[in-house]
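Undergrad: Give the three-dimensional model of this entry:
(chains A and B, ligands or ions: 1)
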Amino acid sequence: MPDLLKAPMALEFPFTRSLGPVQSAFLTGLRERVVLGVRTGDGRVLVPPVEYDPVTAEEIRDLVQVSATGTVTTWAWNPEPRRDQPLDTPFAWVLVQLDGADTALLHALDVPDATSVHSGLRVRVRWAEERTGAITDIACFEPAQDGQAAGRTPAARHDGAFDDPVTGIVAPARLDYVYSPGRAQTAYLRGLAEQRNVGERCPSCAKVYIPPRGACPTCGVATAERVEVGPAGTVTTFCIVNIKAKNLDIEVPYVYAHIALDGAGLALHGRIGGIPYDQVRMGLRVEPVWSENSRFPDHYRPTGEPDADYDTYKELL
Amino acid sequence: MPPTGALRDVAIVAFAQSDHLKSTDELSEVEMLMPVLHEVLGATGLATGEIDFTCSGSADYLAGRAFSFTMALDGVGAWPPISESHVETDGAWALYEAWVKLLTGEADTALVYSYGKSSPGSLRDVLTRQLDPYYQAPLWPDSVALAALQAQALIDAGHTDERTLATVAARSRDAASDNPHAQVRGARPQGDYVVQPLRTGDCPPIGDGAAAVVLAAGDRARALCARPAWIRGIDHRIEPHAIGVRDLTESPSTRLAAERAGAFERPVDTAELHAPFSSQEVVLRRALDLGDEVAVNPSGGPLAANPMMAAGLVRLGEAAARIHRGASDRALAHATSGPCLQQNLVAVLEGEDA
Ligand SMILES: [Zn+2]
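TA: Numbers count the residues shown, from 1 in each chain, chains lettered A, B, ... in the order given. As a prediction, the model looks like this:
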């Protein structure tokens, strides 16, 4: 379709998550440059540690300290680092089995090229300068050149106690999209830009949907025939908003209503203005008030016509 | 577990899929899905009102549209109110739910569909959000990176090499030459490393698509389809989430699911494997004991079209369609979810006279 609407859309969701006792000890330990693992019932040491045994589901709390040096168990060369990854120069993803651990930790390895990494390579933690109690307190790994074979250094017991333990993390995330509303909604938005309300009629039940979504949800068939509705309509039901919304410059109380535009098969919603809030009623006839450069009516105001008869809009409630 | 045949026989009686495309900007999700729903219902002659249960699979993160599955329901025609459910994963798991519903006898027919629009976002980054938020997600290890770690482990273990992986990729795209719905049709050069050891050719295309199947029980299935694809068993199993805990060269969850689904009771002639990366086919072939006599991914598989949340259901649909048209008597279908084949579903399908 020519002139399809598109717009950038960023989703950001900074989840705040609490930590259990094992995760708290591990992440606090990283802040203090100590790597902790947890011992399972059968004596295996899991690094990074979890709170329940992955095999038996038993609760596990037996913390041990392992080495900050270990062995690469597998690797992958990343020639083009992506936003938010640990290093912004080409690096190797690695799974590292730290000495004293039986499982491997995922992280980045800072080496100049793919020929500088192989499974079995000895590596050690490079600590971040500023550490907050997060997996990124490990800035990355770097070659250790310690001349040792893969170590079976026994893990030492650790009580997991630190001053000022970390009890939660904030995990920020941002994903970027290019949003396209599709055929039906593009046509609707283009109509609105010309201050026209263009819906689509269902070929099966003849209902006119506005905004159109491309399908009749009752019949499950595509809608295609464009139908202009309104501009005036009838308030089918409403509520009185008494709490001011954040970032919204509208005085309370105000009325938010369902409005059945003339010719539409279902009601849309909008704010009612130009009339005291306590005089808005079901059946009130309204028309849109457009503001400059807006794709949507700012609000709807009374037309001055007599109220609509209940029977004319009761199916649209 | 008793043999499922003791409960009730359930079959896939119809399958439809969209063309899987790099982008479908002109279509909303429901606009992309609706023709597929009409096609699959049309194949059975059933109207929406004759479907006892509807189950779908999708994920809001792909297109960044919250509750997108409720909008997709517009394409079903959900009035009068229908019995409906949704899974936030591949539609293969929606099929599993519908299969169980039919086994209970609460429904005789079911519509299962799934869809994914990956084109609006950056899929490799989006998929990092399925990882554990404490130890993995903050590092943003993308889906290709995780698969590459698995591929290198396979190479180190001597189970494959880059040349063998290239063969898997070429065979898949070549097979897709006959599949009008596939996104990548015909073999092509392996290209550069995306994340070494995986090259462009080892990775699935990123795109948009939808799929749907109709399930029916017993004589209802025989009435709706000349040669129903009877589900002899389905099972799904999951492994620990952290990839550092697992042996990435093995897939014990696939193995167990296949055992429980009865896959090893008799040989299969066809296997549709949801192996998005060439290296993962190596893992699955070993877990499933598939030899060269089995036609693996005759549709081209996920290396030819990998619509997220639909590609697993497509495997079940493609396997069933081969039985419908008499090209297979006993087929295995596999679906996966999560990083490095974390969760796996295996189904065994058979034609009536097999
Ligand atoms: Zn209709």
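Undergrad: make it CA atoms for all contacts and neighbour counts henceforth
TA: Noted.
Undergrad: the strands in the stretch 201-317 of chain A, which residues?
TA: A:208-209, A:215-216, A:221-222, A:225-229, A:233-241, A:254-261, A:268-272, A:285-290, A:297-302 (DSSP state E, counting those that start in this stretch).
Undergrad: Helix, strand, or coil at the residue in chain B that the ion sits nearest to?
TA: Closest residue of chain B to the ion, C-alpha to the ion: residue B:77 (8.2 Å). Assigned with DSSP: H, G, I helix; E, B strand; the rest coil, residue B:77 falls in the coil class.
Undergrad: got a list of what residue B:187 touches?
TA: Residue B:187 sits next to B:169-174 when contact means C-alpha atoms under 8 Å, 6 or more residues apart in numbering or on different chains.
Undergrad: and residue 54, how many neighbours?
TA: No chain specified, so I'll use chain A. By other C-alpha atoms under 10 Å in any protein chain shown, 17 other residues sit near residue A:54.
Undergrad: wait, chain B
TA: Counted with other C-alpha under 10 Å, residue B:54 comes out at 24.
Undergrad: what's the worst-scoring helix or strand of chain B on mean pLDDT in contact with?
TA: Among the helical and strand segments of chain B, the one scoring lowest on mean pLDDT, DSSP states H and E is helix B:68-72, with a mean of 85. Residues from elsewhere that reach helix B:68-72, judged by C-alpha under 8 Å, 6+ apart: B:29-30, B:33, B:56-60, B:86.
Undergrad: Could you report the pLDDT at the residue of chain B positioned farthest from its centre?
TA: For chain B, the residue at maximal distance from the C-alpha centroid (C-alpha atoms, centre = their mean) is residue B:80, at 30.4 Å. pLDDT, residue B:80: 85.
Undergrad: Around the nearest residue to it once chain neighbours are set aside, count how many other residues there are.
TA: Spatial nearest neighbour of residue B:80, excluding adjacent residues (C-alpha to C-alpha, 6 or more residues apart in numbering or on different chains): residue A:218 at 7.6 Å. Applying other C-alpha under 10 Å, we find 19 other residues in the vicinity of residue A:218.
Undergrad: Residue A:218 against residue B:77, yeah?
TA: Yes: counting by C-alpha atoms under 8 Å, residue A:218 touches residue B:77, with 4.5 Å between them.
Undergrad: what does the average pLDDT come to for whichever helix or strand comes after the least confident helix or strand of chain B?
TA: Moving toward the C-terminus from helix B:68-72, the next helix or strand (DSSP states H and E) is strand B:84-87. Across strand B:84-87, the average pLDDT comes to 95.
Undergrad: can you check stretch B:116-134 too?
TA: The model assigns stretch B:116-134 a mean pLDDT of 95.
Undergrad: hey, C-alpha coordinates of that stretch in PDB?
TA: Below are the C-alpha coordinates for stretch B:116-134, written out as PDB (Å, rounded to 0.1, in the frame of the first residue of the first chain):
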ATOM      1  CA  GLY B 116       4.300 -13.900  14.700                       C
ATOM      2  CA  LYS B 117       5.300 -10.600  13.300                       C
ATOM      3  CA  SER B 118       9.000 -10.200  14.000                       C
ATOM      4  CA  SER B 119       9.600  -7.500  11.400                       C
ATOM      5  CA  PRO B 120       8.600  -4.500  13.500                       C
ATOM      6  CA  GLY B 121      11.300  -5.200  16.100                       C
ATOM      7  CA  SER B 122      14.900  -6.400  16.400                       C
ATOM      8  CA  LEU B 123      14.300 -10.100  16.900                       C
ATOM      9  CA  ARG B 124      17.800 -11.000  18.200                       C
ATOM     10  CA  ASP B 125      17.400  -8.400  20.900                       C
ATOM     11  CA  VAL B 126      13.800  -9.100  21.600                       C
ATOM     12  CA  LEU B 127      14.600 -12.700  22.300                       C
ATOM     13  CA  THR B 128      17.100 -11.800  25.000                       C
ATOM     14  CA  ARG B 129      14.100 -10.700  27.100                       C
ATOM     15  CA  GLN B 130      13.100 -14.400  27.600                       C
ATOM     16  CA  LEU B 131      16.300 -15.000  29.500                       C
ATOM     17  CA  ASP B 132      16.600 -15.000  33.300                       C
ATOM     18  CA  PRO B 133      16.700 -11.400  34.400                       C
ATOM     19  CA  TYR B 134      19.500 -11.800  37.000                       C
END
